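Asker: only geometry, no sequence info:
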């Protein structure tokens, strides 16, 4: 009978995943790297998300927040492209709808 080791949450893997997500690395590449670097790493996306989905989500939220803060600050300070991006993404504005009025 094969010896099956149950995977569990691993702090060094979680730290790597958080950093990689913040650096913009795709999940498929993160999975490949943790499989090379760590012996008891998830072997598929389902297990990766089961064990580290919270870390992935939090890292994505952190980077979105940081970028969003910059865009909003620039928009407030009069940067037109940032104002337009904010209005399109958060206020439902589009120049096409405005021109038709």
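Answerer: Arrived safely. Keep in mind that this is a model prediction, so the values were computed, not measured. Numbers count the residues shown, from 1 in each chain.
Asker: which secondary structure elements does the lengthiest helix in the chain contact?
Answerer: Scanning the chain for the helix with the most residues, using DSSP state H, yields helix 45-76. Judged by 3 or more Cβ pairs under 8 Å, 6 or more residues apart in numbering; DSSP states H and E, the packing partners of helix 45-76 are helix 11-22, helix 27-37, helix 80-90. From N, CA and C alone the C-beta is placed, and that goes for glycine too.
Asker: who wins for proximity to residue 59 among these?
Answerer: Evaluated with Cβ to Cβ, these place helix 11-22 nearest to residue 59, the distance being 3.7 Å.
Asker: tilt between that closest one and helix 27-37?
Answerer: For helix 11-22 against helix 27-37, the angle between stretch directions is 150 degrees (axes from the mean of the first three to the mean of the last three Cα atoms, to 10 degrees).
Asker: so what touches helix 11-22?
Answerer: 29-30, 33-34, 37-38, 41, 48, 52, 55-56, 58-60, 62-63 (Cβ atoms under 8 Å, 6 or more residues apart in numbering).
Asker: quick one: average confidence on that helix?
Answerer: Per-region confidence: helix 11-22 scores 97 on mean pLDDT.
Asker: what's the pLDDT at residue 73?
Answerer: 95.
Asker: residues near it, how many?
Answerer: Close neighbours of residue 73, defined as other Cβ atoms under 10 Å, add up to 11.
Asker: next one: residue 94
Answerer: Residue 94: 12 surrounding residues under other Cβ under 10 Å.
Asker: cool, thanks, talk later.
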